[in-house]
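Student: missing the sequence, but the structure's below:
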Ligand code: NA
Ligand code: NA
């Protein structure tokens, strides 16, 4: 059990590290693309039709993937009144509950989000000319990563409680 | 159904479920009980709420702020403010407020302002013997300037929702920002005097000049961003990306930005973006749910009795916004409430730009009021104080800011001065 | 839960009473509320059509079906609203055909310049075989039923600074476009710079000179207050924008045949009233903009229209195979009748 946990823990760390690099890449592409949009209009007197759309889609992925890291780091904003009052195992149990609720919402996001992405896949993104699926896919994909992190949070806390 | 929705929202928030998921889940419960809705609306609303070009100003202004910090620009702003006012009574608190004012002219977010200024100043202030509660409250409150002084994400959002010019909103935010700054300085002066807080040594003229020269790149940035907007070179959203590129170049010139530094800033800015925008995303679901259940109409009906008298209306609106601000993040509140309140404000004869300022200033107070106060959380986290303790020390700041807000509400000349010419 | 939702229906009824409508306290127990999305606010160009549809539907179904109108894109942009109806999370909308091409490229037919000779031609086309075929295409692609075709009418160019009197004036002209490949190709063909931009950014961008102009229904220039920041209007009569009353197909199919018939009848009435209002508003807005609005009204001569059409032949060539040669020909062949 302890060995399995440490393998998973390592895998999670590595996964989140990769997510971090993807975030850095996406945000820098967003900056480059929108800067290019301003530049091309003013310097070259032409306008791009794909830049805004691409940047918007990258932003969607950043929000969902960033939230996955934030939940692991415990940085998502919450009303931390009760955790301030509680101590020890009561506090840990509360943390399990909040992670369960978070995971529950993300499960809905994954399940229905994937259905929606399939449903809209026949629409075409007008600027990029690719299927709308890739825009909506941010939800189930990012939702799954948040979910995985929330579940791992729960596992970590349960181990602490047992100790 | 509505009762289940509100009760579950409050319960989930109380259990400290992340605000984003509390908004989402309570809407889910409401939808499950709704006769005709099903859960496929959940991902749809979440995506629609953040699939918007103007919102891109949020990650960009956050990233610009992050680069300002890692490139040493923010530190130079602090040094400059310190050389100017550090020797006054409560000097460091005043430094924090003045730096926040400068930084607010670069940053579009209140929380980013707190994080940036706070990370530098909170450790210094605590080391010099300022009480933790007062220190973190000062930072939380002055961070609120971030959304009042342009550029500002809530001002952008209001401009979009109310269909008034974002540039007008930016112009209108300037003097209210100064008024709030002044009221915070007065408060911290009296607090520091009463508690005999330490002051730093007075800087020589030469030191002031040096600090000023070092801060020039930071002081030029608002000129480029706001100047670019007003001269028609770019839209406010595009201005935010210009701010990023400017900060990047300035950081490279200062030789303080390494590649690994930039990557770390990119990752952290993405995560901060996610922390704020995941709330905007699920608040889209939340606002859809209240819209489809006619809750806005109910509120509008209730309020329509007070629109006859603009003064009564203004007081009522201020109180409502104060309460709303306690529970709701500013951007979400603007998106939900503007379509609801603006028609009433127009009926009461209130200028839409002025009304936007009243909303944003009130919601800026919301940043420092529990249970949902982003600035409060951020500041408390940096100084390592509990939410319970900071809640006590923030009270005088809330009172002073509310008084300043009433002044701004009843004196439209401070916001829409440019319409008087 | 049933009791509570009954409550909300009652509340909706009471807020409607304040609008000065006939009191319907006897809100029928089985009353079905249909939510309807409108892009703009009360009193704007399509409000009359929506109101007519609503009151007719409530009248003929004796309030068994009621409509709740939500203004100002409360549920999201037009594309998203079509999508929501496809998912059956929203029932009704009266909004432009603009985003329909995203669901099926055939729907880009509306964006082809100078396809319709005039309003009468466009209306007859939509009321006839072609309208039916397009409705069927969209129904299959988007899972949304077109109940009737109302419209925004022919769009005009609202211009700040630069004046568009001839086709050549469009050279280097920065014009805001919606996300439509055909519109972008068209503006490029006449040497303009099409600039895709979100609607909320348009007003400020015009004010600041980020863009020179936008193509838009004439009435919107008045109701949106564009006369404060713009100096001229160019009437090209190039692009006709339809604006159907549309409905979630799943919702429509879930209703009784009687209710379905009532919806179609009410939509027909809404269309007639909507068209009357559109004509009225077009005339009054044109008058207002030319006088109090202080805008110069420029109308393209037949010669300029022909020049424009000549320049966009490549756009036709590129899109004919996508949209369907038969369909386009059917519309063009009917030109001479109007
Ligand atoms: Na600001
Ligand atoms: Na608050």
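Tutor: Yes, it's here. Every value quoted in this text rests on a predicted model; they were computed, and no experiment measured them. Ligands and ions are numbered 1, 2, ... in the order given.
Student: so which other helices or strands are in contact with the longest helix along chain A?
Tutor: Assignment by DSSP state H gives helix A:2-43 as the longest helix of chain A. If you count contacts as 3 or more CB pairs under 8 Å, 6 or more residues apart in numbering or on different chains; DSSP states H and E, helix A:2-43 packs onto helix A:51-73, helix A:138-162, helix B:57-70, helix B:236-253, helix B:259-292. Every C-beta, even on glycine, is put in place using the N, C-alpha and C of the backbone.
Student: most packed of those helices?
Tutor: helix B:57-70 (a mean of 28; mean count of other CB atoms under 10 Å in any protein chain shown).
Student: what's the following helix or strand after that helix?
Tutor: Remark: after helix B:57-70, the chain's next helix or strand is helix B:73-85, criterion DSSP states H and E.
Student: among the helices and strands packed on helix A:2-43, which is nearest residue A:96?
Tutor: Judged by CB to CB, the one of the helices and strands packed on helix A:2-43 that comes nearest to residue A:96 is helix A:138-162, at 5.3 Å.
Student: what lies in contact with that closest one?
Tutor: Applying CB atoms under 8 Å, 6 or more residues apart in numbering or on different chains, the contact partners of helix A:138-162 are A:5, A:8-9, A:12, A:15-16, A:19, A:57, A:60-61, A:63-65, A:67-69, A:71-72, A:74, A:89, A:92-93, A:95-96, A:99-100, A:102-103, A:106-107, A:109-111, A:113-114, A:116-117, B:43, B:46-47.
Student: and the strands in the stretch 1-150 of chain C?
Tutor: C:32-37, C:65-70, C:92-94, C:144-159 (DSSP state E, counting those that start in this stretch).
Student: residue C:101 is nearest to which of the ones you listed?
Tutor: strand C:144-159 (13.8 Å).
Student: what about the closest one and chain B, touching?
Tutor: No. Judged by CB under 8 Å from any CB of the partner chain, strand C:144-159 and chain B are separated, with a smallest distance of 14.2 Å.
Student: residue contacts, the residue sitting nearest the centre point of chain B?
Tutor: For chain B, residue B:110 is the residue whose C-alpha lies nearest the centre (CA atoms, centre = their mean; 3.1 Å). Counting by CB under 8 Å, 6+ apart, residue B:110 touches B:143, B:144, B:145, B:146, B:147, B:330, B:364, B:367, B:374, B:375.
Student: what does residue C:237 give?
Tutor: Residue C:237 makes contact with C:114, C:118, C:154, C:300, C:305 under the criterion CB under 8 Å, 6+ apart.
Student: which residues does the nearest residue to residue A:119 once chain neighbours are set aside contact?
Tutor: Spatial nearest neighbour of residue A:119, excluding adjacent residues (CB to CB, 6 or more residues apart in numbering or on different chains): residue C:87 at 6.9 Å. Going by CB under 8 Å, 6+ apart, residue C:87 touches A:116, A:119, B:40, B:41, B:44, C:143, C:248.
Student: restricted to helices, list the residues you listed.
Tutor: Short answer: the contacts of residue C:87 in helices (DSSP H) are A:116, A:119, B:41, B:44.
Student: could you count how many residues lie near the nearest residue to the third one once chain neighbours are set aside?
Tutor: Setting aside the residues directly before and after it, residue B:41 is nearest to residue C:89 in space (CB to CB, 6+ apart), at 3.9 Å. As a burial measure, the neighbour count of residue C:89 was computed by other CB atoms under 10 Å in any protein chain shown and equals 25.
Student: gap between residue C:89 and ligand 1?
Tutor: 36 Å (CB to the ion, to the nearest Å).
Student: same question, residue B:196
Tutor: In terms of CB to the ion, residue B:196 sits 33 Å off from ligand 1.
Student: same question for residue C:138.
Tutor: As judged by CB to the ion, residue C:138 and ligand 1 stand 44 Å apart.
Student: can you classify the residue in the stretch 151-300 of chain B that chain C sits nearest to by secondary structure?
Tutor: Minimum separation of the stretch 151-300 of chain B from chain C (CB to the nearest CB) falls at residue B:232, amounting to 3.6 Å. Here residue B:232 is recorded as coil under DSSP: H, G, I helix; E, B strand; the rest coil.
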